[in-house]
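> Sequence first, then the predicted structure:
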Amino acid sequence: MQLPRLRSKPVEAIVVADDFATFDALPADLDAECGDGVWSVVKPDAAISMISDGAQSALGHVIVCVDSSDPDRIAGFAAVIGAGRAARIPVILLVKEAGPAAMHTLMRAGADDFLPYPAPPGELVQSIQRLRERGAGGGAVSGGGRGPGRRGMVLPVYSMSGGAGGTCFAVNLAWELALLTKGDHMRVALIDLDFQFGSVATYLDLPRQESLMELLASAGTSDGIDRETMAGAFTLYDRRMHVMTSPTDALPIDAVTSDELAALLDAATAAFDFVIVDLPHTLTTWTETVLSKAETFFCLTQMDMRSAQNTLRFLRILKSEDLPLEKLEFVMNHSPGFTDVTGRGRMKRMAESLGIEFAVMLPDGGKQVLQACDHGQPLEVFSRGNALRKEIRKVAQSMKDAAAERRSAEL
């Protein structure tokens, strides 16, 4: 099938689809990106011929649109991806519907980038531009997807005691970062590393997936984790934030090695600009790995004896192992208000006795926080004016500013 827009100009991009009508939002993005160029919609068999045809030297990229898990159709799409890789033409995989087996086949075929459909606003245009820059920067784009990518910030969140609000903080910090950076073409990921009782899926009303354990398992193979496999393992929340939930069944915390987790975080930072990690309450053999990869390690506490004692034990362990304490940023949840002189005095004495400073003080958000979590929505969606949400947004803004400063220093 070819669109009437085709005239005498050479084709700059081809869109490979069996049923292009199901991708109704795609033409506008292609028109915006191609400009004076032209694009064509073709079937998989015709696409292979066009890619292989030497006369089509103006072909800039191929977009493969998948809306089925049918093995025969998946094989056809995989053949197109393979042809693009052989011809050294960038291939973008746009997936509306496909099962795990189908995604595995497509990823192994060697696409250069992967996007879910509908893609976040501007994401397709950004992907096309990024692939063009890679091609112009020296050589063709390889299908493996393991070349230099982003250099994202790892932001772990660790609760010093149960109920300290670590998951709530991690979820809302990730969401606020996604909102603040939506016009900057930056990507935000949220990973739940509590394999036993992680609740990120609950707080965002998302189904639990097994992709986290599958990625960690592939980290120990010779192929490792490439960016396409990494991107396909996330669930896109509200077209803005990528989420990797904890698995359905509780698993032993020590089922993962430090090397596997390091590979996971390296792959995540190559694919995303911010990687927020919700950690389990238990200290593990790989906690040191997360700390070493972290830009800022948020420690959530409350003004109670449990948090104080656990913080003291935590600091002793880090000092005995000579780990970087400067990365720690202590966050006091349910902090007393300015008029609560007694409460603020207790908080000051707690900080002095532990030898720390509370860099962030989060107010009590009231019942709206619990209700937002139960409804599976970020605070910004459920209660935009909540005081806790406003403070978390300030933290997110500071992380965005820190990322901007780091990029400026690297230029």
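Yep, it's here.

> Tell me the spacing between residue 322 and residue 291.
For residue 322, the distance to residue 291 (CB to CB, to the nearest Å) stands at 12 Å. Heads up, the C-betas are built off the backbone N, CA and C, glycines and all.

> So between these two, which is more surrounded?
Neighbour count, other CB atoms under 10 Å: between residue 322 and residue 291, residue 291 has more, with 20 against 7.

> Nearest residue to residue 346 in space, please, no chain neighbours.
In space, and not counting its chain neighbours, residue 346 is closest to residue 303: 6.2 Å by CB to CB, 6 or more residues apart in numbering.

> The closest residue to residue 52 other than its chain neighbours: neighbouring residues, count only.
Spatially, and ignoring its direct neighbours in sequence, residue 52 is nearest to residue 83 (6.2 Å; CB to CB, 6+ apart). Using other CB under 10 Å, residue 83 has 20 neighbouring residues.

> cool, residue 362 as well?
Residue 362 - counted by other CB under 10 Å - has 23 other residues nearby.

> Which pLDDT value belongs to it?
pLDDT for residue 362: 94.

> looking at it, it is touching residue 337, isn't it?
No - judged on CB atoms under 8 Å, residue 362 makes no contact with residue 337 at a distance of 11.6 Å.

> mind listing the strands for the stretch 51-200 of the chain?
For the stretch 51-200 of the chain, the strands defined by DSSP state E, counting those that start in this stretch occupy 61-66, 91-95, 113-116, 153-159, 188-192.

> mind listing what the nearest residue to residue 87 once chain neighbours are set aside touches?
Leaving aside its sequence neighbours, residue 87 sits nearest to residue 51 (CB to CB, 6+ apart; 5.1 Å). Going by CB atoms under 8 Å, 6 or more residues apart in numbering, residue 51 touches 14, 59, 62, 80, 83, 84, 87, 89.

> And for residue 22?
67, 96.

> And it, how close does it get to residue 247?
31 Å.

> what are the bridge partners for the residue nearest the centre of the chain, then?
Geometric centre of the chain, nearest residue: residue 189, 2.2 Å, by CA atoms, centre = their mean. Per DSSP bridges, residues listed as beta-bridge partners of residue 189: residue 242, residue 275.

> Hmm, it is touching residue 272, no?
Yes - at 4.1 Å, residue 189 counts as touching residue 272 under the criterion of CB under 8 Å.

> Name the residues contacting each of those two.
Going by CB under 8 Å, 6+ apart, residues that sit against residue 189 and also against residue 272 are 152, 242.

> ranking the strands of the stretch 51-200 of the chain by burial, who's on top?
Each of the strands of the stretch 51-200 of the chain was scored by mean neighbour count; the highest is strand 188-192, a mean of 28, by mean count of other CB atoms under 10 Å.

> Using PDB, write out the CA atom coordinates for whichever helix or strand comes after it.
Past strand 188-192, further along toward the C-terminus, the next helix or strand under DSSP states H and E is helix 200-203. Only the C-alpha atoms of helix 200-203 are listed here, as PDB (Å, rounded to 0.1, in the frame of the first residue of the first chain):
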ATOM      1  CA  VAL A 200       5.300   0.500  43.000                       C
ATOM      2  CA  ALA A 201       2.800  -1.500  40.800                       C
ATOM      3  CA  THR A 202       0.100  -0.900  43.500                       C
ATOM      4  CA  TYR A 203       0.800   2.800  43.800                       C
END
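
> can you pull the contacts of residue 292?
Per CB under 8 Å, 6+ apart, neighbours of residue 292: 323, 324.

> Point me to the helix or strand that includes it.
Applying DSSP H and E, one finds residue 292 within helix 287-293.

> What's the first helix or strand after that helix?
With DSSP H and E, the next secondary element past helix 287-293 is strand 297-301.

> Identify the residues contacting that next one?
By CB under 8 Å, 6+ apart, strand 297-301 touches 155-161, 164-166, 169, 173, 290-291, 307-308, 311, 314, 327-333, 358, 360.
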